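[1] Predicted coordinates and the sequence they were generated for:
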Amino acid sequence: MNISGKTTITGIFGYPIEHTLSPAMQNAAFEATGLDYCYVPFLVHPDGLENAVKAIRSMNIKGINITVPHKEKVMQFLDEIREEALFIGAVNTIVNTDDRLIGFNTDGRGFMKSLNESGISVKDKDILIIGAGGAARAAGYYLCMEARSLTLYGRTQSKVERLAGDLRKVGDVVSTIDNLSDIKRFRMIINATPLGLKHDDPLPFDANILGKEQIVCDLIYKNTRLLKEASEKGCSIVNGLGMLLWQGALAFELWTGKMPPINVMRSVLEKSTHY
Ligand code: NAP
């Protein structure tokens with residue numbers, strides 16, 4: 001990569017930031033397309049977020065991804081927030097257009113693209129999401145426009161009900177359950193909790209009751225124990241790597257106006273996650 005005075009800067013704000021896979025993925029894509037862009041990780045302490053956002057303008061940065069813990073707090077410092085990000089209540093991508101900072105959220109669309117490339121349609125399916133945080137909200141926003149039904153389950157019922165109420169304004173197919181005894185009736189089950197990130201985490205539900213006609217998705221970007229056990233039961237499985245890939249690809253497109261080389265980005269992610 002040749003960085004010159006003309007190179008366009010993009011990057012990511014997070015705290016911590018050292019584990020992010022986005023710089024490797026985005027820089028490989030810039031290099032492969034010959035675009036004079038680079039992508040830099042910025043360790044931004046929560047107390048410094050406002051100043052860091054101001055620096056996007058003053059340092060002529062074209063675009064920034066936002067990761068934990070800044071996705072919600074950053075919204076107040078932006079000039080405009082697009083509809084999906086407003087609904088989700090979180091921004092993961094900022095575009096600097098003539099000094100106007102516009103906030104987007106590409107997570108939900110990224111999730112739908114990852115299903116699509118796996119040949120999975122959500123139309124006419126009964127879908128269960130486990131978890132009621134930001135990722136559930138992002139995926140749910142699109143799922144409730146297309147699925148036959150969308151059911152939510154989570155350990156904090158008040159959060160589940162709040163999310164269900166918000167999603168019903170988008171698509172009138174949303175309900176909640178307070179236990180997971182009837183997993184069999186869902187064609188697609190999505191784990192949107194962090195359960196599975198650590199190797200000794202319990203499963204989000206008993207995988208023994210799964211049948212081979214079911215699709216199990218985990219938003220965690222590696223093949224979790226849940227996915228391994230679901231696969232052994234004959235289920236189709238989808239991990240969160242595709243969502244990570246596509247949310248980044250959509251950000252790339254917002255910054256450059258061009259579609260990135262998806263396979264270059266995917267291969268970087270696969271190498272980094274040891275597939
Ligand atoms: P979040 O906003 O913190 O929400 C987490 C949800 O999981 C909440 O509903 C939380 O319940 C629940 N939860 C947390 N720990 C739990 C436990 N031990 N048992 C049962 N439920 C638990 O997080 P998020 O941003 O939605 O992220 C959720 C997962 O999605 C993470 O694993 C993250 O890595 C993944 N993710 C992947 C991508 C991707 O690109 N692939 C993008 C975003 C997120 P409470 O509300 O009760 O705490």
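    Yep, it's here.

[2] contacts and neighbour counts: CA atoms only from here.
    Noted.

[3] Now do the same contact list for the nearest residue to S118 once chain neighbours are set aside.
    Nearest-residue entry for S118: V238, 7.7 Å, with adjacent residues in sequence omitted and distances by Cα to Cα, 6 or more residues apart in numbering. V238 makes contacts with 115, 118, 215-218, 227, as judged by Cα atoms under 8 Å, 6 or more residues apart in numbering.

[4] how does it look with 7 Å?
    Listed by Cα atoms under 7 Å, 6 or more residues apart in numbering, the contact set of V238 reads 216-218.

[5] go on, M75?
    Shown in contact with M75 (Cα under 7 Å, 6+ apart): 90-91.

[6] What distance do you get for it to N92?
    Separation of M75 from N92 (Cα to Cα, to the nearest Å): 10 Å.

[7] pretty sure S114 contacts L244?
    No. Assessed by Cα atoms under 7 Å, S114 is found out of contact with L244, at 8.8 Å.

[8] hmm, back to that, so what's the predicted local confidence for the residue nearest to S118?
    Per-residue pLDDT puts V238 at 97.

[9] Torsion angles phi and psi at it?
    Phi and psi for V238, reported as degrees, to the nearest 10, are phi -140, psi 120.

[10] Quick check: the gap between it and the ligand.
    Per Cα to the nearest ligand atom, to the nearest Å, V238 is found 10 Å from the ligand.

[11] got it, and K123?
    K123 sits 22 Å away from the ligand, going by Cα to the nearest ligand atom.

[12] number of nearby residues for the residue nearest to I209 when sequence neighbours are not counted?
    Sequence neighbours aside, K184 is the residue nearest to I209 in space, at 6.9 Å (criterion: Cα to Cα, 6+ apart). Neighbours of K184 under the rule other Cα atoms under 10 Å: 14.

[13] Tell me, what's the model's pLDDT at K184?
    Model confidence at K184, given as pLDDT, is 95.

[14] Among the contacts of V238, which lie within strands?
    Within the contacts of V238, residues falling in strands by DSSP state E are 216-218.

[15] Give me the phi and psi for L49.
    Dihedral angles for L49 - degrees, to the nearest 10 - are phi -60, psi -40.

[16] Show me which parts of the helix or strand that contains K54 are buried, residue by residue.
    Using DSSP states H and E, K54 maps to helix 49-58. The neighbour-count check on helix 49-58 (16 or more other Cα atoms under 10 Å) flags 49, 52-53, 56-57 as buried.

[17] Looking at the residues you listed, which is nearest E253?
    I56 (18.4 Å; Cα to Cα).

[18] pull the CA atoms of the lengthiest helix in the chain into PDB?
    Counting by DSSP state H, the longest helix found in the chain is helix 241-256. The C-alpha trace of helix 241-256 is given here as PDB (Å, rounded to 0.1, in the frame of the first residue of the first chain):
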ATOM      1  CA  LEU A 241     -18.900 -14.200   9.300                       C
ATOM      2  CA  GLY A 242     -21.100 -13.300   6.300                       C
ATOM      3  CA  MET A 243     -22.800 -10.600   8.300                       C
ATOM      4  CA  LEU A 244     -19.400  -9.200   9.300                       C
ATOM      5  CA  LEU A 245     -18.300  -9.400   5.700                       C
ATOM      6  CA  TRP A 246     -21.400  -7.700   4.200                       C
ATOM      7  CA  GLN A 247     -21.700  -4.900   6.800                       C
ATOM      8  CA  GLY A 248     -18.200  -4.000   5.800                       C
ATOM      9  CA  ALA A 249     -18.800  -4.400   2.100                       C
ATOM     10  CA  LEU A 250     -21.800  -2.000   2.400                       C
ATOM     11  CA  ALA A 251     -19.700   0.500   4.300                       C
ATOM     12  CA  PHE A 252     -17.100   0.300   1.500                       C
ATOM     13  CA  GLU A 253     -19.800   1.000  -1.000                       C
ATOM     14  CA  LEU A 254     -21.000   4.000   0.900                       C
ATOM     15  CA  TRP A 255     -17.500   5.500   1.100                       C
ATOM     16  CA  THR A 256     -16.300   4.800  -2.400                       C
END
